[in-house]
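>>> Structure for the following, please:
(one chain, ligands or ions: 1)
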Amino acid sequence: MPHQELIYPINEIFQSIQGEGYFTGQPAIFIRLQGCDVGCSWCDTRHTWVVDPAREVVSSQILDRSSNSDCWASMTTEQLCKSLRDLGYTARHVVLTGGEPCQYDLRPLSRALLEQGYQVQIETSGTTEILADAGCWVTLSPKIGMKGGYPILDSALLRAQEIKHPVAMEKHIHDLDHLLARCQHGAGKVICLQPISQQRRATELAIRICIERNWRLSVQMHKYLNVD
Ligand code: SF4
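Predicted coordinates:
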């Protein structure tokens with residue numbers, strides 16, 4: 001199927017610094033897709049949950065800006081690639097995020113971005129099959145027991161190079177251990193713990209476990225710096 005035939009609902013496109021996980025500090029272009037059924041209670045992008053036809057706008061309104069709007073625009077792979085060129089962005093790392101970007105078939109878009117020399121990272125909850133080029137870096141941030149009731153898929157766990165786990169309490173470490181038992185205890189993967197909502201106790205717990213297990217700490221640097 002040619003790239004042009006798939007249309008993606010895009011919430012926003014902007015350039016910034018990746019503030020989370022393995023690529024923390026990396027200049028990056030963020031392409032945020034609209035739509036997520038997972039229903040995390042602490043979600044900080046609730047405006048991306050619903051693809052409301054009444055909120056569709058033209059693509060010029062979602063380019064080169066980050067906002068907490070629930071507006072979205074239909075864009076093809078070709079239009080997205082052209083927009084990145086036209087915007088003159090300097091980052092060579094593209095993050096496909098959401099919402100839940102894996103609700104969509106990302107193969108045409110990810111392939112085209114890789115062909116244009118971008119490094120492509122996908123941020124997913126792991127609750128949907130990942131349809132993306134094999135050259136993408138997949139960061140799975142498991143969302144367990146959320147309102148949507150979706151399990152974390154084995155195929156997503158095995159596909160991910162990075163598991164970035166939100167933590168607030170010991171139970172979340174046990175949840176992660178159960179997940180890792182399904183993928184060779186995380187062998188070959190980068191494991192990051194990310195304290196939920198910058199809570200002090202969560203951060204102390206994450207630091208302690210990271211040191212014990214030789215895992216990485218992900219602190220959502222962009223929130224401390226107050227940038228998008
Ligand atoms: Fe929000 Fe991500 Fe959870 Fe969806 S998966 S509800 S976008 S935190």
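
>>> wait, does the strand ranked longest in the chain make contact with the ligand?
When the chain is parsed with DSSP state E, its longest strand is strand 7-17. No - Strand 7-17 lies apart from the ligand when judged by CB under 6 Å from any ligand atom; the minimum separation is 10.3 Å. (C-beta placed from N, C-alpha, C; glycine too.)

>>> elements contacting that strand?
strand 27-33, strand 73-76, helix 77-87, helix 221-225 (3 or more CB pairs under 8 Å, 6 or more residues apart in numbering; DSSP states H and E).

>>> CSV for these, including distance to Leu131 and mean pLDDT?
Converted to CSV, those look like this (distance: least, CB to CB, whole Å; pLDDT from 0 to 100):
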stretch, distance to Leu131, mean pLDDT
strand 27-33, 13, 97
strand 73-76, 16, 97
helix 77-87, 13, 96
helix 221-225, 28, 79
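
>>> pLDDT averaged over stretch 116-127, what's the number?
Mean per-residue pLDDT for stretch 116-127: 97.

>>> Please spell out which residues along it are buried.
118-127 (16 or more other CB atoms under 10 Å).

>>> before we move on, back to that, tell me which residues of the longest strand of the chain come out buried.
Applying 16+ other CB under 10 Å to strand 7-17 flags 8-17 as buried.

>>> Output the longest helix seen in the chain in CSV, but only the C-alpha positions, please.
Determined from DSSP state H, the single longest helix within the chain is helix 200-213. C-alpha atoms of helix 200-213 as CSV (Å, rounded to 0.1, in the frame of the first residue of the first chain):
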residue,chain,number,x,y,z
ARG,A,200,8.6,13.0,46.4
ARG,A,201,7.9,9.5,47.8
ALA,A,202,7.7,8.1,44.3
THR,A,203,11.0,9.7,43.3
GLU,A,204,12.7,8.4,46.4
LEU,A,205,11.4,4.9,45.7
ALA,A,206,12.5,5.0,42.1
ILE,A,207,16.0,6.2,43.0
ARG,A,208,16.4,3.4,45.5
ILE,A,209,15.2,0.7,43.2
CYS,A,210,17.2,2.0,40.2
ILE,A,211,20.4,1.9,42.4
GLU,A,212,19.6,-1.6,43.6
ARG,A,213,18.8,-3.0,40.2
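
>>> what residues does the protein put near the ligand?
Residues of the chain lying near the ligand (CB under 6 Å from any ligand atom): 36, 38-40, 43, 45, 48, 98-100, 125, 143.

>>> Now with 8 Å, please.
36-40, 42-46, 48-49, 98-100, 124-125, 127, 141, 143, 146, 148 (CB under 8 Å from any ligand atom).

>>> Among those residues, name the buried ones.
36-38, 40, 43, 45, 48-49, 98-100, 124-125, 127, 141, 143, 146.

>>> Can you list which of the residues you listed are found in strands?
Thr124.

>>> Pick out the residue nearest the middle of the chain.
Nearest to the mean C-alpha position of the chain, by CA atoms, centre = their mean, lies Glu123 at 2.2 Å.
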